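1. this one's sequence-less:
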């Protein structure tokens, strides 16, 4: 597998990263396993049909995969790359969130218009909650109180109280909300609206919008700017937003809510993940079949890694 290096100095500076990057390939039914030091694909793990959402267990020993066309959450043992269990998940699981204690998975069920809470140790459904039409993005608050689902067709965020397993509130946002992410302090929720081309910043205490960000990319039509994935650096100061068919990742200052840089990547960048040291981001380019490695401080791509077919979700572990 060939890695095309674009800035050798930046690549060498970050090559010591002792981490592993996992990428779901939606059309290949594979997980690509990438060595963080060499940026080489070191393994390809077969999983169920149409893998999308991907998340690591708190201890890093297992990878949970939304096998959407299998109507299952698959558990992959990281040490062997083998699927060791299928967890009940409802129909068409799309995305995950993990509880603060790591014992419960929350899966969005797009066809069922519900969220399924999965008791991981018990391998059973803990509860299910009906939300809006076509739920996709999932996020859990750092204090363990809330799980939020983005309902694409309803253009709303649905707030589920984890303790009671009931929906408590909803927040209207832009057209086709795709992803949501809590800030580390739990005070804000950042949610993208794909067709609205917007980012909505929500005050968690009131569950109401306090700021709206509209993106612009030079020489890119507005209807191609489709924000999807959003992630924060570990220090909480910087956010990265994947802009879909705009083929760029926006780097934002969290305090000012301003875009500080736009990084050209591959085609239809969908979801991304950030290294534990906060220096690099990994962005999945679904139409280019590649992963872009971004030096966050330099705001540039340092390497492009060829993958299988339609990379979708990204997770980073040791």
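-> Noted; the coordinates are in hand. If you're wondering where the values come from, they're calculated on a predicted model, not measured in any experiment.

2. now for the strand or helix carrying residue 179, which elements pack on it?
-> If you go by DSSP states H and E, residue 179 is part of strand 177-182. Applying 3 or more CB pairs under 8 Å, 6 or more residues apart in numbering; DSSP states H and E, one finds that strand 177-182 contacts strand 135-140, strand 146-151, strand 156-161, strand 188-193, strand 230-232. From N, CA and C alone the C-beta is placed, and that goes for glycine too.

3. quick one: average confidence on it?
-> Throughout strand 177-182, pLDDT has a mean value of 97.

4. circling back: pick the most deeply packed of the helices and strands packed on strand 177-182.
-> strand 146-151 (a mean of 28; mean count of other CB atoms under 10 Å).

5. start to end distance for stretch 98-116?
-> By CA to CA, to the nearest Å, the extent of stretch 98-116 from end to end equals 12 Å.

6. okay, now residue 18: neighbour count?
-> 10 (other CB atoms under 10 Å).

7. looking at this, it is in a helix?
-> No. Going by DSSP: H, G, I helix; E, B strand; the rest coil, the assignment for residue 18 is coil, not a helix.

8. quick one: residues contacting it.
-> By CB atoms under 8 Å, 6 or more residues apart in numbering, the contact set of residue 18 is 36, 37, 318.

9. will you turn these into a markdown table that also has pLDDT?
-> Listed next are those as a markdown table, based on pLDDT from 0 to 100:
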| residue | pLDDT |
| --- | --- |
| 36 | 96 |
| 37 | 95 |
| 318 | 89 |
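
10. buried ones only from the residues you listed, please, as a PyMOL command.
-> Only the buried entries of the contacts of residue 18 go into this PyMOL selection, using 16 or more other CB atoms under 10 Å:
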select buried, resi 36
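
11. quick one: the contacts of residue 18 as TSV, columns for distance to residue 56 and secondary structure too.
-> Formatted as TSV, those follow (distance: CB to CB, whole Å; DSSP: H, G, I helix; E, B strand; the rest coil):
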residue	distance to residue 56	secondary structure
36	14	coil
37	18	coil
318	9	coil
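
12. now, which of the contacts of residue 18 sits nearest residue 48?
-> residue 318 (24.8 Å; CB to CB).

13. nearest residue to the closest one in space, please, no chain neighbours.
-> Closest residue to residue 318 apart from its sequence neighbours, by CB to CB, 6 or more residues apart in numbering: residue 60 at 5.6 Å.

14. kindly report the same for residue 237.
-> residue 254 (5.6 Å).

15. same question, residue 281
-> Nearest to residue 281 is residue 294, by CB to CB, 6+ apart, at 4.2 Å.

16. let me see the contact set for the one you found.
-> 240, 249, 263, 265, 280, 281, 282, 283, 300, 301, 302 are the contacts of residue 294 under CB under 8 Å, 6+ apart.
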